[in-house]
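>>> 3D, please:
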Amino acid sequence: MNNAGRPADRRGPGRGYVPQGNERGEGSVTMNRFQTAILLAAMAAWPACRAWADDLPTPAASEFDYDAPGGPSEHFEEITPPVSSMGDIGGALQPIPQGEQLWEYEPAVTESTGTWLRRGYWYVESDAVVLNRYWDRNAFVLASDLSSGGLQDLQLDRSKPGAEGNVRLTLGRFLFRDTTNRDHTMEFTGFGGGEWTQSNRITSDVPNALFVRDDIDLNNPSFDGASTMQTKYDSRLTMFELNYRVHDRMGRDQMVLTPNGDWVRRANSGLTRNFLVGLRYIDLTENLAWSAQDIATQTTSADSGLYNIRTSNDVIGPQVGGGITYESDRFSVELFGKGGVMLNDAKGVSRMTYANAQGLDDFYTNNREGVLTYVFQTGFIGRWHMRPNLSLRGGYEMLFLVNMAAAPDQIKFDPDFSRVATSNNPFYQGLTLGMEYFW
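Alright, predicted model coming up:
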């Protein structure tokens, strides 16, 4: 079939057409010639473009053109390149000069701080203690003048001689401060120096009219029928303590804004607590000298007689105590108490002697007895902080002792009496004035 009779070839220039023979070679040669011509034209024009660019004026610098020629930037300093190793850090970092601050404003002024108080390894407390002593509920009557109708008695006053001065000294050592901001200390305290003394004298209106009370001599030979009697009674109190004490410190200081807009550092006033555990020793010693002259009855007589009684109480045992204190930067007020059940080694020695006696015999007794006693002490103390380590202090105290041997209770006129009377409960109260010092 000839070409005129066949339908059009479906592989023609349309879809799916593939050039045949000479058609493919002629297209490739034409494209290569076109690319070569463009490259040659660009190379010929390059010298002219470069010369034209060199003739252009330099553009004016603006405030936003930080890379403009003519020198370094006017807005930024030259940046130091970063260090390349850890060894270069020491040279890159410069120390802050002493006295210069990292912030713009001054720090808050310290008006007061709780860290000022009770600083040091040692401390001493010294007090003058003026105590009044009460040893009986009522006056202790020894004898009466029968010639006066009972209007004249020989007696021991329950509160004489009144107030007596004593000295108390405490030496303490700081041990450590725990994680709850409490100070642990060990302290030793000594108290004493005072002596309560009273003297009394009585002379009958008529000779030989003084008679001892029946509940005292128990119908035993005594000073009945004397014309003159006198007594001297003294009591001495000495105490020693060794205590382990734990004392809270003031809380964190406050930052307070004053009315003029300044911040100040101020101590945080408030309540603190303390407690102690320790050992206490008490020595209560008493002497009673009772003498009589011109003794004469129907069956007895003597020029004089002397009844001397001495008692001692050696009290020792553990004690516990505590206190609560309101503390501020300038003053503090403390309420405290301490006490314990202790062992009392009570002793009583009595000696009766007569001069030129008839029907009256001398005698001597020495007795000893151990009893449990209770000791309690309480009071309050106010302190004024003159300096961070020096304070003046004063207060009021009470001391109560139970089951003690008092010399007047041992009067029996009985040579066979072999016990120590330990039923006395002396009570002390008074004022204190002293100082505290830390170093």
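>>> Run through this protein and note the low-pLDDT ranges.
Within the chain, the segments meeting pLDDT under 70 span 1-37, 39, 41-42, 44-106, 150.
>>> can you pull out the helices in it?
22-54, 89-92, 214-217 (DSSP state H).
>>> Who is Tyr134 paired with across the strands?
Listed beta-bridge partners, Tyr134: Phe427 (assigned using DSSP bridges).
>>> hang on, it packs against Pro426?
Yes - here Tyr134 reaches Pro426: they are 6.9 Å apart, a contact under CB atoms under 8 Å. (Each C-beta comes from the backbone N, C-alpha and C, glycine too.)
>>> quick one, which of the two is more surrounded?
Neighbour count, other CB atoms under 10 Å: between Tyr134 and Pro426, Pro426 has more, with 21 against 12.
>>> Please report how far the nearest residue to that one once chain neighbours are set aside lies from Ala407.
Closest residue in space to Pro426, ignoring its immediate chain neighbours: Trp135 at 4.6 Å, by CB to CB, 6 or more residues apart in numbering. Here Trp135 is placed at a distance of 10 Å from Ala407 (CB to CB, to the nearest Å).
>>> Show me whatever sits in contact with both of these two.
Both Trp135 and Ala407 are in contact with Ser235, where contact means CB atoms under 8 Å, 6 or more residues apart in numbering.
>>> Just give the number of residues close to the nearest residue to Asp178 once chain neighbours are set aside.
Closest residue to Asp178 apart from its sequence neighbours, by CB to CB, 6+ apart: His184 at 6.6 Å. His184 has 13 neighbours, counted by other CB under 10 Å.
>>> Let me know whether His184 touches Asp248 as I believe.
No - the criterion here is CB under 8 Å, and His184 misses it with Asp248 at 11.3 Å.
>>> buried set for stretch 234-243?
Under the neighbour-count criterion of 16 or more other CB atoms under 10 Å, stretch 234-243 has Asp234, Ser235, Arg236, Leu237, Met239, Glu241, Asn243 buried.
>>> what residues are up against the residue nearest the centre of the chain?
In the chain, the centroid-proximal residue (CA atoms, centre = their mean) is His247; its distance is 3.1 Å. His247 is in contact with Arg118, Arg182, Asp183, Thr185, Thr272, Asn274, counting by CB under 8 Å, 6+ apart.
>>> wait, which of these is closest to Ile202?
Asn274 (51.2 Å; CB to CB).
>>> Test my guess that that closest one contacts Ser332.
No - between Asn274 and Ser332 there is no contact under CB under 8 Å: 11.4 Å.
>>> can you list residues touching both of those two?
Shared contacts of Asn274 and Ser332 (CB under 8 Å, 6+ apart): Thr325.
>>> Show me the two of the contacts of His247 that sit farthest apart.
Pairwise over the contacts of His247, using CB to CB, the maximum falls at Thr185 and Thr272, 14.1 Å.
>>> The nearest residue to Asp127 once chain neighbours are set aside: neighbour count?
Leaving aside its sequence neighbours, Asp127 sits nearest to Gly434 (CB to CB, 6+ apart; 3.3 Å). As a burial measure, Gly434 scores 21 neighbours (other CB under 10 Å).
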